[in-house]
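>>> Return atomic coordinates for the entry below.
(chains A, B, C and D)
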Number of protein chains: 2
Amino acid sequence: MARRVQKPATQVTADDVARKLGVSQSTISRAFSMTASISEKMKRRVIDASNALGYQPNVIARSLITRRTNMVAIVMANLVDPFYPVVLDELVQQVQARGFQTLLFVPSPGQPVDDIMPNLLQYQVDAIVLTSATISSAMARTCAARDTPVVSFNRYVPGLQIHAVASDNIAGARQVADYLVSTGHERPAFIAAQRDATTNIDRRHGFMSRLKELGMPACLEEEAGDFSYEAGYAATKRLLRKAKRPDAIFYASDIMAAGGIDAARELGMGVPEDVSIVGYDDVPMAALPCYSLTTIRQPVAEMAKVAIDLLGLADPRGTKSAPAMRTIMGSLITRSSTMNRGTAGAGRKRKAAR
Amino acid sequence: MARRVQKPATQVTADDVARKLGVSQSTISRAFSMTASISEKMKRRVIDASNALGYQPNVIARSLITRRTNMVAIVMANLVDPFYPVVLDELVQQVQARGFQTLLFVPSPGQPVDDIMPNLLQYQVDAIVLTSATISSAMARTCAARDTPVVSFNRYVPGLQIHAVASDNIAGARQVADYLVSTGHERPAFIAAQRDATTNIDRRHGFMSRLKELGMPACLEEEAGDFSYEAGYAATKRLLRKAKRPDAIFYASDIMAAGGIDAARELGMGVPEDVSIVGYDDVPMAALPCYSLTTIRQPVAEMAKVAIDLLGLADPRGTKSAPAMRTIMGSLITRSSTMNRGTAGAGRKRKAAR
DNA sequence: TTGAAAGCGTTACCAG
DNA sequence: CTGGTAACGCTTTCAA
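You can find the predicted model right below:
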């Protein structure tokens, strides 16, 4: 039996196609470019021969000379919170729709994003999307010097010279305050996540300041520490065990609110009978019957579109726009984790009278 | 005021560093290679000068000559099912831990993976991971010809010449059958997802065949159509409205089972009092108090490790191993969506007697 | 250990 | 419209 000769497994190049057709290698290149001029007939011959030989242009070699890799880096610091798979999905769709590919980076827990940036820049990505993560201003300058646009999704750092897209957290939180007051709640509380996250800061501030405007006395507050189910659960237990219990709790995020609902129920309290619960994000989970969570819906698809648009991928070497901050309006989705407690003053009586 | 000259924004190359140091460009290259021989002193000088100038090797240029991009493509057909974010997280961690980067592809709904493979191969990725997706045998041959290893995660196609990793779906489903029978269930049912998905086929078969072995009469069955909450919900409503109702339902996946629990409750039935519910995957959601779902836990971290190991990324141009199929044992996690209905025969009486 | 030179596979420019 | 030739930024022989 003849020993099978090992196939070289070397890749088919434009030269191979050129040789087969007896034309120059440049011609092969032109057949795959939409700007170069080439006759229809020749183009057909090249395409056919390429298919026959299994030739595909090597985009790595191409990007060496065009200086564009057609890759967008997406940094995802968090895949556990159910909000982020949705975000990733939308971002990737937007990237791919523009003919680009996604290079995904997931920092290991605790790893600062600045650490992975050099690595990422080595790959010569055409743009960078950061989700729930920020970089130092030094790193922002490095990116600017390289003409690599950066957009921060769902977070921003005031003064940092990069693009940013977020839902209007302040306006959203104000809507929650308006809604809770108009439905007769009298002792609202806020459960906070990371102190320094802009999402947390703005939602807290919008909520608190609007309550004050509405003449509501001091709002209760509890620090959960981070945006997790467990943190929301624990903070809620602490809060509801206090003497002066709130009749409504607004959380910095949906997943925290879910933990809150479960905590309240475990304490024998009804949601919304004893306490109304409001989240922020409108993750898929919020619509489940066991939570049926009133929340602010983040328009993720639109936010993703705006974010990718800001990168200006369309115009190669085009004018990089100045860092812009875009905030997009969310909308209040009312479900059954909240209830109308009667207009302020009439209070519980009105409900009982029905 | 002098008009500022526009910075060329050209990247710093090894040549720039070489010029500054008065050495050859090869020396710069050697300083960043761990195999090349270079004096410690020179290496220091190069590294220092590189930092000063902000030089970082261009990995794109490197990969053109090394023929390795250090990129692994991950194809994620589904990010909606909560099982997949977990999978993606683990896979990316494994990829990054080996010093590789992830090129992520999300096919648009309905787009066959075969369509995006050429695109993906153009990027010269060193390996490919497919999750809940399959490719044609022609495409598998193309990859083999290019020496690009492919592993299918959580799905396999018998006879297809690519690696595959999955939990032992047959054994897992058998465990469910054993458990339900031993806890006194007498009318088990199975709710199926896609007919052609190997996960569905194996879970169904393992369950059915074990029930038969245990002398259980014909198992009820309902087709949900796909692996979604909505499909599980709808199929459960159909099933529970029938005259002969099951006392336990095993679903092809957790998210379907969650839909099932909600459907049962909506019909006024108690879970587990009226019907026990069992899922498969052990997604984070399964542990929530409102579902507290009995399920088979897929050892995702271990599966991801095995999958990436199969790609043989460690040895460059090394011996590509023959296509292997690895199945990994899952474990039964019992929670309160199931209950003990007493040993068969004693049946409900025993429970009532307590 | 170091330098010079030859590629890697492509695009882009310049003649014809 | 087509063919030659010079990059792109790097790694890798081969000599010195």
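>>> Look up phi and psi at the residue nearest to A:Pro57 when sequence neighbours are not counted.
Leaving aside its sequence neighbours, A:Pro57 sits nearest to A:Phe32 (C-beta to C-beta, 6 or more residues apart in numbering or on different chains; 5.2 Å). Every residue, glycine included, has its C-beta placed from N, CA and C. Note on A:Phe32: its backbone torsions stand at phi -100, psi 10 [degrees, to the nearest 10].
>>> right, and A:Phe32 touches A:Asn58 too?
No: A:Phe32 is not in contact with A:Asn58 according to C-beta atoms under 8 Å; the separation is 10.8 Å.
>>> residue closest to the middle of chain A?
What sits nearest the mean C-alpha location of chain A, by C-alpha atoms, centre = their mean, is A:Val87, with 4.1 Å.
>>> what's the helix or strand for it?
Using DSSP states H and E, A:Val87 sits within helix A:83-97.
>>> Where does the stretch 201-350 of chain A get nearest to chain B, which residue?
For the stretch 201-350 of chain A and chain B, the shortest gap (C-beta to the nearest C-beta) falls at A:Cys290, measuring 3.4 Å.
>>> Might you report the residue contacts of that residue?
With contact set as C-beta atoms under 8 Å, 6 or more residues apart in numbering or on different chains, A:Cys290 has these partners: B:262, B:288, B:290-291.
>>> wait, the residue nearest to the centre of chain A sits on A:Phe153?
Yes: in this structure, A:Val87 is within contact of A:Phe153 by C-beta under 8 Å, at 6.8 Å.
>>> May I have the phi/psi pair for the residue lying closest to A:Met269 once chain neighbours are set aside?
Leaving aside its chain neighbours, A:Met269 sits nearest to A:Val275 (5.8 Å; criterion: C-beta to C-beta, 6+ apart). For A:Val275, the backbone dihedrals (degrees, to the nearest 10) come out as phi -150, psi 130.
>>> Tell me how many other residues surround A:Val275.
Residues lying near A:Val275 (other C-beta atoms under 10 Å in any protein chain shown) number 26.
>>> what's the answer for A:Leu53, then?
Neighbour count for A:Leu53, taken as other C-beta under 10 Å: 15.
>>> didn't A:Ala166 look like it was pressed against A:Asn154?
Yes: the criterion here is C-beta under 8 Å, and A:Ala166 meets it with A:Asn154 at 5.4 Å.
>>> What segments of the stretch 201-350 of chain A are strands?
Assigned by DSSP state E, counting those that start in this stretch, the stretch 201-350 of chain A shows strands spanning A:220-223, A:248-251, A:276-278, A:295-297, A:325-328, A:331-333.
>>> Name the strands paired with the second one and say parallel or antiparallel.
Take DSSP bridges as the rule and strand A:248-251 pairs in its sheet with strand A:188-192 (parallel), strand A:276-278 (parallel).
>>> which other residues reach it?
Applying C-beta under 8 Å, 6+ apart, the contact partners of strand A:248-251 are A:173, A:176-177, A:180, A:185, A:187-191, A:203, A:207, A:224, A:232, A:236, A:239, A:257, A:260, A:275-280, A:338.
>>> check contacts around the spatially closest residue to A:Leu293 that is not a sequence neighbour.
Spatial nearest neighbour of A:Leu293, excluding adjacent residues (C-beta to C-beta, 6+ apart): A:Ala286 at 4.0 Å. For A:Ala286, the contact set (C-beta under 8 Å, 6+ apart) comprises A:254, A:257-258, A:279, A:292-293, A:295, A:333, A:335.
>>> Which entries within the residues you listed meet the buried criterion?
Those of the contacts of A:Ala286 that meet the buried threshold are A:254, A:257-258, A:279, A:292-293, A:295, A:335, by 16 or more other C-beta atoms under 10 Å in any protein chain shown.
>>> Make TSV out of these and add pLDDT.
As requested, the buried ones among the contacts of A:Ala286 are arranged in TSV below (pLDDT from 0 to 100):
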residue	pLDDT
A:Asp254	98
A:Ala257	98
A:Ala258	98
A:Gly279	98
A:Ser292	98
A:Leu293	98
A:Thr295	98
A:Arg335	98
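>>> Name the nearest of those residues relative to A:Ile38.
Ranked by distance to A:Ile38 (C-beta to C-beta), the buried ones among the contacts of A:Ala286 are led by A:Asp254 at 54.3 Å.
>>> Distance-wise, check A:Thr35 relative to B:Phe250.
A:Thr35 is 58 Å from B:Phe250, where distance means C-beta to C-beta, to the nearest Å.
>>> Which one's more surrounded, these two?
Each of A:Thr35 and B:Phe250 has its neighbours counted (other C-beta under 10 Å); B:Phe250 has more, 34 against 5.
>>> Which strand residues bridge the closest residue in space to that one that isn't next to it in sequence?
Nearest residue to B:Phe250 in three dimensions, chain neighbours excluded: B:Val278, at 4.6 Å (C-beta to C-beta, 6+ apart). Counting by DSSP bridges, B:Val278 forms beta bridges with B:Phe250, B:Thr294.
>>> pLDDT value on A:Pro217, please?
At A:Pro217, the model reports a pLDDT of 78.
>>> Now do it: how many residues are near it, please.
Using other C-beta under 10 Å, A:Pro217 is surrounded by 9 other residues.
>>> now the closest residue to DNA strand C within the stretch 151-300 of chain A, what's its secondary structure?
Per C-beta to the nearest atom of the strand, A:Val151 is where the stretch 151-300 of chain A lies closest to DNA strand C, at 25.9 Å. Secondary structure for A:Val151, judged by DSSP: H, G, I helix; E, B strand; the rest coil, is strand.
>>> Report the contact partners of it.
Contacts for A:Val151 (C-beta under 8 Å, 6+ apart) come out as A:127-130, A:162-165, A:307-308, A:310-311.
>>> Please report how far whichever residue of chain A sits closest to DNA strand D lies from B:Gln298.
Nearest residue of chain A to DNA strand D (C-beta to the nearest atom of the strand) works out as A:Ser37 at 2.6 Å. Separation of A:Ser37 from B:Gln298 (C-beta to C-beta) stands at 55 Å.
>>> More neighbours: these two, which one.
Higher neighbour count among A:Ser37 and B:Gln298: B:Gln298, with 27 against 6, using other C-beta under 10 Å.
>>> Excluding chain neighbours, what is closest to the more buried one?
That would be B:Ser167: by C-beta to C-beta, 6+ apart, it lies 4.5 Å from B:Gln298.
>>> Next: A:Ala235.
A:Ala235 sits nearest to A:Ala224 (C-beta to C-beta, 6+ apart), 3.8 Å away.
>>> The one you found contacts A:Ala234, doesn't it?
Yes: A:Ala224 is in contact with A:Ala234 according to C-beta under 8 Å; the separation is 7.0 Å.
>>> and these two? which has more neighbours close in?
Counted by other C-beta under 10 Å, A:Ala224 and A:Ala234 do not tie: A:Ala224 has more neighbours, with 26 against 18.
>>> Now do that one, the pLDDT please.
Model confidence at A:Ala224, given as pLDDT, is 97.
>>> Run through the residues that contact it.
A:Ala224 neighbours (C-beta under 8 Å, 6+ apart): A:191-193, A:231-232, A:234-235, A:251-252, A:256.
>>> From A:Ile201, how far off is it?
Relative to A:Ile201, and taking C-beta to C-beta, A:Ala224 is found at 14 Å.
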